[in-house]
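> please work out how this folds:
(one chain, ligands or ions: 1)
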Amino acid sequence: MSTRTVDAVVVGAGFAGLYALHRLRGLGLDVQVYEAGSDVGGTWYWNRYPGARCDIESIYYSYSFDDDLAREWEWSEKYAAQPEILRYLEHVADRFDLRRDIAFETRVSSLRFDEPTGRWTVTTEDGVQVEATYVVLGVGLLSSANLPDIPGRDDFAGPVLHTGRWPHEPVDFSGLRVGVIGTGSSGIQTIPIVAQQAAHLTVFQRTPNFSLPAHNHTPDPEHIADLKARYPEVREQVRTSSYGILLDPPTQSALEVSEEERIATYRERWAEGTLTGILQAYNDLVRNQESNDTAADFVRERIVELVDDPQTAQDLTPRGYAFGTKRPCLDTGYYATFNREDVELVNLRRTPIERITASGVRTSEAEYPLDMLIFATGYDAMTGPLLALDIVGRGGRSLREAWAEGPRSYLGISVAGFPNLFTVTGPGSPSALSNAVVSIEQHVEWLSDLIAHLRATGRTLVEADEVAEKEWTDHVQAAGNATLYPQTDSWYMGANIPGKPRVFLPYIGGVGAYRAHCDDLAARGYPGLLLR
Ligand code: N01
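So this is what the prediction gives:
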């Protein structure tokens, strides 16, 4: 059987893969997309747990590449819930006729670079092979579910769910004793909803998180009309901002203003209900511990106000790490949920889990009988989804070998020894520290312009130069080391996965500055990349 040859293979049909397909098609390329799910959506296809919604305002957490799409689509909430975001992505797939080039329920199992032909052989789990000149990996940052190896994990007799692999059919919690392990963004979103239905909910918390109120609501039509009326200007502001959202950059240190002024500012930001409002109130909150303490203390005081039982309030209060260095959460009624009689918090720092049994969870202190267990235990972030693919580049060297001591990448998009392969929002790019959709668009546009440049100049191969890759990788670490992030155990540092190298995974230089740097490189003929 002859192997089909295409210009490009795209892996994943979420925000990244869909836009990559659209853009590469626009260059006249023959593109094949592979997607493990049965439809488009990526993260928003898999994360169907109750309460799942974005925590960047929907008006910005959407594509900006098509003015008509942006003007016509109406979000029903400030922070849309998962079903609406999924409908949006389905609409995009229909609108741009994307599905015809996507093979669904098809997981890529390996990618091999063939030096003589300069092409990638992409093999799927069902054995189909295709050859491609370019490979675009749009596999997401947070798509490799982490199911921690807790003793007895497989012994539990009832249903075991992971928030990132939620069933398609509705899950009924009525009358059930439900346990949730994990209190990151997923846990914090789902816990209040599960609590409303379950007979009893036990929350197993290892590290308390800083969570801020979303104050979600129907968007003000006048505000939306105003944004849409000046859409090109708004889009430009978002694209050149630090985080990919509209926000006036802070100019002062938290320590430059009086305590009274600071508290008033934090109160205002708390009332606004955004993920970044408090963290971006001052310019040194992620760099200076003393400044950070002012914001952390403010949030801690709010937690104590919201939770009735003093011990539970203490257990829910984060301490020992800087506010923002573990990704903060945006919630709807999270802390108040612990005021319910039928909700119990188990502090695993005081009483660790000893094992999961057939009928529940046993800690060092007690046995918690359960009918259903939900793992909200996160992901092997950023590198996990890439390393799950068996990628072998030039000279038979695998990506796993190349990244054994942590990811190395030029701009977070290209890796030395892996020609014509692009990692959308890969480690070393702003990605996780930004509105992912804005960062995705920037990467997809930049890489498709690069491919257009190659074609226009008669080149067939592009690959990161090792020296440039080292310099960029060092720069990413230096930028991270100038902040408080590396002091905290978080998925940004790979610290949530046993044995994972501890490096700062995203680039903290800011979306706008990063874009300007990438644009400058493009204008100068792509120094740092070897074009052959
Ligand atoms: O995962 P997490 P997540 N025993 O890694 C705990 C994005 N997101 O799925 O902190 C007991 O944040 C772990 O404890 P600890 C967003 O970027 C966005 O919630 O490691 N507990 C932690 O409490 C987010 O940051 C939205 O001590 C264990 C939790 O599980 C990222 O995805 C919604 C454990 C995992 O928290 C990941 O969020 C959802 C163990 N063995 C997700 N192992 C939006 O709102 C882990 N934990 C857009």
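> what residues does I181 make contact with?
148, 150, 187, 204, 353, 361, 373-377 (CB atoms under 8 Å, 6 or more residues apart in numbering). C-beta here means a position set from N, CA and C on the backbone, and glycine is covered the same way.
> show me where pLDDT drops low in the chain?
Along the chain, the parts satisfying pLDDT under 70 run over 1-2.
> domains for it, by residue range?
4-40+98-144+381-531, 145-209+328-378 (automatic domain parsing).
> so for R287, which of these sits nearest?
Closest to R287 of those, according to CB to CB: domain 4-40+98-144+381-531, at 5.4 Å.
> re the thing from before, in CSV: the domains of the chain, plus distance to the ligand.
Formatted as CSV, the domains of the chain follow (distance: least, CB to the nearest ligand atom, whole Å):
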stretch, distance to the ligand
domain 4-40+98-144+381-531, 4
domain 145-209+328-378, 2
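> need the ones you listed in JSON lines with distance to N288, can you?
JSON lines is the format used below for the domains of the chain (distance: least, CB to CB, whole Å):
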{"stretch": "domain 4-40+98-144+381-531", "distance to N288": "8"}
{"stretch": "domain 145-209+328-378", "distance to N288": "17"}
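> quick one, which of those gets closest to D293.
Of all the domains of the chain, domain 4-40+98-144+381-531 comes closest under CB to CB, at 10.6 Å.
> ends of the closest one, how far apart?
26 Å (CA to CA, to the nearest Å).
> do stretch 456-470 as well
End to end - CA to CA - stretch 456-470 spans 29 Å.
> all helices for the stretch 251-400 of the chain, in order.
259-272, 289-306, 310-316, 334-337, 384-387, 399-402 (DSSP state H, counting those that start in this stretch).
> export these as TSV, with columns for mean neighbour count and distance to G528.
TSV is the format used below for the helices of the stretch 251-400 of the chain (neighbours: other CB atoms under 10 Å; distance: least, CB to CB, whole Å):
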stretch	mean neighbour count	distance to G528
helix 259-272	14	38
helix 289-306	17	34
helix 310-316	16	46
helix 334-337	22	44
helix 384-387	21	20
helix 399-402	17	17
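> among the ones you listed, which comes closest to E469?
So among the helices of the stretch 251-400 of the chain, helix 399-402 is nearest, using CB to CB, at 9.9 Å.
> residues in contact with the closest one?
Residues contacting helix 399-402 (CB under 8 Å, 6+ apart): 386-387, 389, 391-393, 408, 415-418.
> PyMOL command to pick out the buried ones of those?
In PyMOL syntax, the buried subset of the contacts of helix 399-402 is picked out as below (16 or more other CB atoms under 10 Å):
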select buried, resi 386+387+389+391+392+393+408+415+416+417+418
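> quick one on the thing from earlier: out of the contacts of I181, who's nearest I263?
Of the contacts of I181, the one sitting nearest to I263 (CB to CB) turns out to be G187, at 28.9 Å.
> next secondary structure element downstream of the top helix by length along the chain?
Counting residues, the longest helix in the chain under DSSP state H turns out to be helix 436-456. Next along the chain after helix 436-456, taking DSSP states H and E as the criterion, comes strand 462-464.
> mind listing what's buried in the helix or strand that comes right after that next one?
Downstream of strand 462-464, the first helix or strand assigned by DSSP H and E is helix 466-481. Neighbour counts over helix 466-481 (16+ other CB under 10 Å) mark 468-469, 472-473, 476-477, 479-480 as buried.
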